[in-house]
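[1] Build me a structure from this.
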Amino acid sequence: MPKHVLRNVMTTSTALVSTLALGLTGGTAHASAPLDYVALGDSYSAGSGVLPVDLTNLLCLRSTANYPHVIAARTGARLKDVTCGAAQTKDFTTSQYPGVAPQVNALGADTDLVTLTIGGNDNGTFINAMTACGTAGVLSGGKGSPCKDTYGTSFTDQIDANTYPALKTALQTVRAKAPNARVAVLGYPWITPAEADPSCFVKLPIAAGDVPYVRGIQTHLNAAVERAGAEAGATYVDFSRVSEGHDACKPGGTRWIEPLLFGGSLVPVHPNALGERRMAEHTMSVLGLG
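    Down below sits the predicted model:
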């Protein structure tokens, strides 16, 4: 082979090897920066009741093993976690506690990813429904549907009249504060099974006829969250399928949500550590992360 041809072949081969090496090692010039990730939301986002507790803000009862921390650890994202137990949609734009800034203050034009759960505390939807139906269940000995008979559509009416518009406004504010971010709004995993489980009454004292009633309230809330998210340009993370069979009536190691009584958490009717991990994993799957 003539020398000038051999020289050209060697030069081309060297350049090709260098290019391949750069691609295989993810050369500095092409390395992607970690995501700037802001976590907003209520106690389901904060992981309230899951150890270890974030000691930087005890008022918010935030866990360092909540789903935002799991997502950040698995994706290498830079996490700013401002989730706070008992948060309502109004706490996105107003201070929830003295010294606790409005949650959207954590957002900016450089935010790449936002996740949140919100809405369950508006109108006291979760706590009022669980308290009312639990009390009615105990008084009825678990028979009938005393909660449904007493409250009818009042919970879902409040969701439509108050929670849904508040959700829409809150999510639009998130979008305005973080215009370049991908926003994921998570639904709430199932608290109750689809039908009454007599063995669960001691842990979740809801009358047999009220179990589907409570489930219907949660279904209605999740639908409002999904609708508001779609109208604000957010991705909805649906847990209706993946959390089936992991409700508060299931045994430890299977359930994602702790029961009202005799559970393993100081904060009942909330996700446990397994639930937070599964919420993180499903969210990453929906978003195509990691």
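
[2] Quick check: closest non-adjacent residue to residue 172.
    Distances taken as CB to CB, 6 or more residues apart in numbering put residue 232 closest to residue 172, at 4.9 Å, once the chain neighbours are dropped. Backbone N, C-alpha and C define where each C-beta goes, glycine included.

[3] Burial check on the one you found, number of neighbours?
    Using other CB atoms under 10 Å, residue 232 has 19 other residues around it.

[4] From here on, call the first residue 193.
    Okay, using 193 as the starting number, the last item reads as residue 424.

[5] show me what contacts the residue nearest to residue 239 when sequence neighbours are not counted?
    In this structure, residue 239 finds its nearest non-sequential neighbour in residue 258, 2.9 Å apart by CB to CB, 6+ apart. Contacts for residue 258 (CB atoms under 8 Å, 6 or more residues apart in numbering) come out as 231, 237, 238, 239, 242, 273, 275, 468.

[6] Among the residues you listed, which lie within strands?
    231, 273 (DSSP state E).

[7] Residue 307: which of the contacts of residue 258 is nearest?
    For the contacts of residue 258, the closest approach to residue 307 (CB to CB) belongs to residue 231, at 5.5 Å.

[8] So residue 467 sits against residue 449, correct?
    Yes: between residue 467 and residue 449 a contact is recorded at 6.0 Å, counting by CB atoms under 8 Å.

[9] for this protein, what are the low-confidence residue spans?
    Residues of the chain that meet the criterion pLDDT under 70 lie in 193-223.

[10] give me that answer again for 90
    Scanning the chain for pLDDT under 90 picks out 193-224, 318, 458, 482.

[11] quick one, helices of it?
    For the chain, helices defined by DSSP state H occupy the ranges 195-217, 235-238, 259-267, 317-331, 338-343, 346-350, 356-369, 403-423, 465-479.

[12] out of the ones you listed, nearest to residue 434?
    Distance to residue 434, taken as CB to CB, is lowest for helix 465-479 among these, at 5.2 Å.

[13] Now list whatever residues contact both of residue 467 and residue 449.
    Residues touching both residue 467 and residue 449 by CB under 8 Å, 6+ apart: 381, 438.

[14] Please list all residues in contact with the residue nearest to residue 374 when sequence neighbours are not counted.
    Setting aside the residues directly before and after it, residue 374 is nearest to residue 305 in space (CB to CB, 6+ apart), at 5.4 Å. With contact set as CB under 8 Å, 6+ apart, residue 305 has these partners: 227, 228, 229, 230, 269, 373, 374, 376, 479.

[15] Of those residues, which is the nearest to residue 284?
    Here the nearest of the contacts of residue 305 to residue 284, counting by CB to CB, is residue 230; it sits at 11.5 Å.

[16] surely the closest one meets residue 299?
    Yes: Residue 230 lies in contact with residue 299 (CB under 8 Å); the separation is 5.6 Å.

[17] Need phi/psi at the residue nearest to residue 364.
    Recorded main-chain torsions at residue 424 are phi -100, psi 10, according to degrees, to the nearest 10.
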